[in-house]
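> model the structure of this input:
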Amino acid sequence: MRKLLFTTLGIALAAPAFAADPASVSGSPALLAANCANCHGTDGRTDQAIPPLAGLAKPYLAGILKEYKEGKREATIMHQLAKGYTDEEIEALSDYFSKQKR
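Numbering: from 1, shown residues only. Coordinates of the predicted model:
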């Protein structure tokens, strides 16, 4: 019981530190990007019909994800996935993919 109390207290005290870095709220940008790998390939590199994300401009990627999130862009699944990300996570993902080599 005592160990659980200290663990819970430690998590509660650490939470504000994670909130200072939006990418840390759900994990690192690479961890967030792992969700995209099934369709867009590892680190956004794919040679399939799904467009690659690696090396695309950050503002372009962020804009597209926000359009999906807001329902302004049609998709089979991306509009549903994008709704699960905060604006900060979208920025972190866009930054991550923009820095990957094609």
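> so what touches the helix or strand containing residue 81?
Secondary structure assignment for residue 81, by DSSP states H and E: helix 78-82. Outside helix 78-82, the residues within contact range by CB atoms under 8 Å, 6 or more residues apart in numbering are 35, 65-66, 68-69, 71, 73, 90. The C-beta positions use only the backbone N, C-alpha and C, and glycine is treated the same way.
> how about stretch 49-69?
36, 39-41, 43-46, 73, 75, 78-79, 81-83, 85, 87, 90-91, 93-95, 97-98, 100-102.
> one more: stretch 33-41?
Residues contacting stretch 33-41 (CB under 8 Å, 6+ apart): 43-44, 46-48, 50-54, 81, 93, 96-97.
> which parts of that stretch are buried?
By neighbour count with 16 or more other CB atoms under 10 Å, stretch 33-41 contains the buried residues 33, 36, 40-41.
> could you pull up phi and psi at residue 92?
phi -70, psi -40 (degrees, to the nearest 10).
> that one contacts residue 31, doesn't it?
No - contact criterion CB atoms under 8 Å: residue 92 and residue 31 do not qualify, at 9.9 Å.
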